[in-house]
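*Asks:* What shape does this take:
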Amino acid sequence: MSGRYKIFETHAFRRDLSALQAGDRSRIERKLEDVIYPSLRDEPHAGPNIRKLRDWQPETWRYRTGSWRCFYEIDESSRMVNMTAIERRSERTYRR
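*Replies:* Predicted structure coming up:
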């Protein structure tokens, strides 16, 4: 695969992010811009913090950062990573 992927934040992802407490939100937004998005632009399929979720339709991946999980889907035809949700690991409310 050549070329970089684009990142798209869905409305649901932005809503999840804006619902976080200010300190958490600020920390996660910095992590997204400095670490997560650059990593996903280069290779969204594999990495030390990336896992494809089994038996999910549409196919969904998660990026783990500390106690937080970012969920996303990959559109290969447009080379787009669609960020769909973010949640604290202990909450586990994100469903298929």
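*Asks:* So which elements touch the longest helix along the chain?
*Replies:* Across the chain, the longest stretch assigned as helix under DSSP state H is helix 22-31. Contact analysis of helix 22-31 by 3 or more C-beta pairs under 8 Å, 6 or more residues apart in numbering; DSSP states H and E lists helix 11-18 as its packing neighbours. C-beta: built from backbone N, CA, C; applies to glycine.
*Asks:* Next, the buried residues of the helix it packs on.
*Replies:* Along helix 11-18, the positions that meet the burial threshold by neighbour count (16 or more other C-beta atoms under 10 Å) are 13, 16, 17.
*Asks:* which residues are contacting it?
*Replies:* For helix 11-18, contacts defined as C-beta atoms under 8 Å, 6 or more residues apart in numbering pick out 9, 25, 28, 29, 70, 83, 84, 85, 86, 87.
*Asks:* With neighbour count as extra columns, can I get the residues you listed in JSON lines?
*Replies:* Shown next, in JSON lines, are the contacts of helix 11-18 (neighbours: other C-beta atoms under 10 Å):
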{"residue": "9", "neighbour count": "17"}
{"residue": "25", "neighbour count": "15"}
{"residue": "28", "neighbour count": "19"}
{"residue": "29", "neighbour count": "12"}
{"residue": "70", "neighbour count": "25"}
{"residue": "83", "neighbour count": "23"}
{"residue": "84", "neighbour count": "21"}
{"residue": "85", "neighbour count": "19"}
{"residue": "86", "neighbour count": "27"}
{"residue": "87", "neighbour count": "18"}
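*Asks:* List the contacts of residue 37.
*Replies:* By C-beta under 8 Å, 6+ apart, the contact list for residue 37 reads residue 7.
*Asks:* at 10 Å instead, please
*Replies:* 5, 6, 7, 9, 31, 63, 70, 81, 83 (C-beta atoms under 10 Å, 6 or more residues apart in numbering).
*Asks:* Select from those every entry located in strands.
*Replies:* 6, 7, 9, 63, 70, 81, 83 (DSSP state E).
*Asks:* I appreciate the help and will end here.
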